[in-house]
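S.K.: Next come a sequence and a model predicted from it.
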Amino acid sequence: MAILETRGLNKRFGGLHVTNDVDFTLEKGEIHCLIGPNGAGKSTFFRLILGEYLPSSGQIFYRGEEITRAKSFERIRRGISVKFQVPGIFKALSVRQNLEIALQHHLDGASLKNEIARLLSFLKLEEAAHQLAGNLSHGQKQWLEIGMAVSLKPQLLLLDEPTAGMTPDETFATGEMVQALNAEGVTVLAVEHDMSFVRQISHKVTVLHFGKVFAQGTIDEIISDDRVAAIYLGQSDA
Ligand code: ADP
Ligand code: MG
C-alpha cells in the first residue's frame, strides 16, 4: 500500500519550474532515498509534501487521502514529520529539555520520563543529556533533531541530508538509527548525497533532475546507470 503518492505535481517560482510533473509513490514500510544534483528540487519536493509550499498544480495523497492543500499542522497531526538540513533545536536549552518540549504535548509524568530516557539512549545522547544543545557536536545536533522529529511518533519521516557534515562513524550510526526506526514501522524518505549511506539504508532510490523523476531503482541499478552518472559530472559534492 502506498503511504504517499504525488500525481502530476508541479511547482513554479515565477518562471522557474522547480518541480516538474512528478508522479511519485512511496510504499508503506520502505526506506526510500531521493538523490540528485544541487538545485534538482529535492528540498522543494519535501516542502510540498509538508505543506510549506502549495503546488502550482497536481495532487498529493497520504494514506489514500488527498492532502494537496492541507495545512502543515494537519499533515503533522496525521503522522508526517521532518528533519530539515538546518537544525531546529533550542540551543540555549539542554538536550533533555529539548526532548521534553517535543514530547510534552502527548506525554507526562512517568511516561514522559521513560520516553526521554529511551530517546536519549537511542540517540546516543545519554552522556550529553544535561549539555546545552548549542554546545553539542555537529553530529549530535543532527541526532537531537532526529529525536525531535520522532518525538511526534510519525508514520512517515522525511530526512533532508541527515548526514551532511558527519564523520563516517556518525554517518553509519545514523543509518542504524534510521533502520531501527524503520523496523518499528516508520516509513522513511531521505534526501542524501552520501552514497555509502544510501547503500546502507535504501530499499529504493529515486533520482530527481531539473525537478523531474529521472531514474528509479535499487542503489545498484542507480549507480550502474550511465545516464545518472552523466548528470553528476562536474558536481563537486557528488
Ligand atoms: P535541492 O534541494 O535539490 O538542492 P531546492 O529544492 O532547494 O533544490 O531548489 C531547487 C530550485 O528551486 C533552486 O533553483 C532554488 O533556487 C529554487 N527555489 C527553491 N525555493 C525557492 C523559493 N522559495 N523561491 C524561488 N526559488 C526557489
Ligand atoms: Mg536541498
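M.R.: That came through fine. Ligands and ions are numbered 1, 2, ... in the order given.

S.K.: contacts, neighbours, all on C-alpha from now
M.R.: OK.

S.K.: Just say helix, strand or coil for the residue nearest the centre of the chain.
M.R.: For the chain, residue 159 is the residue whose C-alpha lies nearest the centre (CA atoms, centre = their mean; 1.4 Å). Classification of residue 159 using DSSP: H, G, I helix; E, B strand; the rest coil returns strand.

S.K.: Give the bridge partners for it, please.
M.R.: For residue 159, the beta-bridge partners under DSSP bridges are residue 83, residue 190.

S.K.: so it touches residue 191, yeah?
M.R.: Yes. Residue 159 lies in contact with residue 191 (CA atoms under 8 Å); the separation is 6.2 Å.

S.K.: Touching, residue 43 and residue 160? I think so.
M.R.: Yes. Contact status for residue 43 versus residue 160: in contact at 7.0 Å, counting by CA under 8 Å.

S.K.: Show the model's pLDDT score for the residue nearest to the centre of the chain.
M.R.: Looking at residue 159, its pLDDT reads 96.

S.K.: Return the residues in contact with residue 212.
M.R.: Going by CA atoms under 8 Å, 6 or more residues apart in numbering, residue 212 touches 19, 20, 21, 22.

S.K.: Closest to residue 36 out of those residues?
M.R.: Comparing the contacts of residue 212 against residue 36 with CA to CA picks out residue 19 as the nearest, at 12.8 Å.

S.K.: wait, is the closest one part of a strand?
M.R.: Yes. Counting by three-state DSSP, residue 19 falls inside a strand.

S.K.: what's across from it in the sheet?
M.R.: Counting by DSSP bridges, the residues bridging with residue 19 are residue 11.

S.K.: what's the burial count for it?
M.R.: Here the number of neighbours of residue 19 (other CA atoms under 10 Å) works out to 27.

S.K.: List phi and psi for residue 66.
M.R.: phi -70, psi 130 (degrees, to the nearest 10).

S.K.: Just confirm residue 70 contacts residue 51, I think it does.
M.R.: Yes. Here residue 70 lies in contact with residue 51, judged by CA under 8 Å, at a distance of 6.7 Å.

S.K.: Next to ligand 1, which bits of this protein? Give me the list.
M.R.: 13, 18, 38, 39, 40, 41, 42, 43, 44 (CA under 6 Å from any ligand atom).

S.K.: show me where the protein has strands.
M.R.: 2-13, 16-27, 31-35, 57-62, 65-66, 80-83, 156-160, 187-191, 204-209, 212-217 (DSSP state E).
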